[in-house]
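Asks: build me a structure from this.
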Amino acid sequence: MKRILVVEDSAVIMELIRFLLTTFGYESKEAKDGFEALKIAKENKFDLILLDIQLPGFDGLEVLKEIKKLPEIRKTPVIALTAHAMQGDEERFLKAGCSGYISKPIDIGRFKSILDSCMGRQQVL
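Replies: Got it, this is the predicted structure:
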């Protein structure tokens, strides 16, 4: 089973993502902030990281920079999650090293499509 680390400080969004990932057949582990995310990522192997950009204290782009410095996890695809989707954000996140970008509120079809694409799954219609 494919494993995903979800880094999200909102309990409501985390609950939704947990439900969706389980429904889509993925296993997930959760972190509420960047520090916890880095600790968990160093100790476990993940196929993908879903990373909230607006995290308290240590924001998602800072976490991404740290991930990219660590040989054991720097090749793990990272998808940015953000509630404040502004023009140019997607390009900025991709330039920073993200493999994809999902805006909140989450569009479930787009979310599944991006996950499946990053995980190498075929889209089943």
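
Asks: please point out which parts of the helix ranked longest in the chain sit buried.
Replies: Using DSSP state H, we find that the single longest helix of the chain is helix 11-23. By neighbour count on 16 or more other Cβ atoms under 10 Å, the buried set for helix 11-23 is 13, 14, 16, 17, 20, 21. C-beta here means a position set from N, CA and C on the backbone, and glycine is covered the same way.

Asks: residues contacting the fourth one?
Replies: By that I understand residue 17. For residue 17, the contacting residues are 6, 8, 28, 50, 106, by Cβ atoms under 8 Å, 6 or more residues apart in numbering.

Asks: let's have the buried residues of helix 11-23 in a markdown table, adding distance to residue 46.
Replies: Output for these, formatted as a markdown table (distance: Cβ to Cβ, whole Å):
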| residue | distance to residue 46 |
| --- | --- |
| 13 | 19 |
| 14 | 16 |
| 16 | 19 |
| 17 | 14 |
| 20 | 17 |
| 21 | 12 |
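
Asks: now pLDDT too, for the residues you listed, in JSON lines please.
Replies: Putting the buried residues of helix 11-23 into JSON lines (pLDDT from 0 to 100) gives the following:
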{"residue": "13", "pLDDT": "95"}
{"residue": "14", "pLDDT": "97"}
{"residue": "16", "pLDDT": "96"}
{"residue": "17", "pLDDT": "97"}
{"residue": "20", "pLDDT": "97"}
{"residue": "21", "pLDDT": "97"}
